[in-house]
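[1] Here is my input, please return the structure:
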Amino acid sequence: MAFCVQCGNKVGDADAFCAKCGARQKVSSAAAPPRAADPFSGISPRTASLLCYVPWVGWIAAIVVLASNRFRREAQVRFHAFQGLYIFVAWLMVEWVIAPVIAITDWGFGLHHLGARLLQLGIFAAWIFMMIKVSHDENYKLPIIGDLAERSVSEQRS
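    Reported below is the predicted structural model:
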């Protein structure tokens, strides 16, 4: 329980004015917690898009961008977040599915490491290529992954 800063009357913790004398009260920090700052307030759309393509960890930024209110209406940023996610999914598919299948069906030629590594190199190159495109403010849609990302963005708008 708090007291009026002018007359000493009892006032509630959240009261802005005293009921007896009408004096303005100091609102305590416990009664009115400060608004949490938006963690994306200082990040430009280009930077957010760029972070979605950082190899192996861009998926984290992509999920955060897709979940944030700051970029809810930014279709281009959301497109890059989805495209970055789908590139990471392609990486996982090569790493967990295609590479083991190639290793099983090698037939003794010893090329299984080469095939999987070439696919991984292509995906890594796509990450770097998209980082360069985004850093130059160029919109680029990757052949298959870009269509999926575009469809994901349009589904969320409707």
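
[2] roughly how far is the helix ranked longest in the chain from the heart of the chain?
    Taking DSSP state H as the criterion, the chain has its longest helix at helix 112-135. Relative to its parent chain, helix 112-135 has a centroid offset of 21 Å by C-alpha atoms, centre = their mean, to the nearest Å.

[3] Go through it and flag the buried ones.
    For helix 112-135, a neighbour-count test (16 or more other C-beta atoms under 10 Å) marks H112, G115, A116, L119, Q120, I123, A126, W127, M130, M131, K133, V134 as buried. For glycine as for every other residue, the C-beta is placed from the backbone atoms N, C-alpha and C.

[4] And for stretch 7-16?
    Judged by neighbour count (16+ other C-beta under 10 Å), stretch 7-16 contains these buried residues: V11.

[5] picking that back up, CA atoms only for whichever helix or strand comes after the longest helix of the chain, dumped as CSV, please.
    As assigned by DSSP states H and E, the chain's next helix or strand after helix 112-135 is helix 145-157. Provided in CSV are the C-alpha atoms of helix 145-157 (Å, rounded to 0.1, in the frame of the first residue of the first chain):
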residue,chain,number,x,y,z
ILE,A,145,13.0,-24.0,-53.2
GLY,A,146,12.0,-20.5,-54.3
ASP,A,147,8.6,-21.8,-55.6
LEU,A,148,7.9,-23.5,-52.3
ALA,A,149,8.9,-20.4,-50.3
GLU,A,150,6.7,-18.2,-52.5
ARG,A,151,3.8,-20.6,-52.0
SER,A,152,4.3,-20.5,-48.2
VAL,A,153,4.3,-16.7,-48.1
SER,A,154,1.1,-16.5,-50.2
GLU,A,155,-0.7,-19.1,-48.0
GLN,A,156,0.0,-17.1,-44.9
ARG,A,157,-1.4,-13.9,-46.5
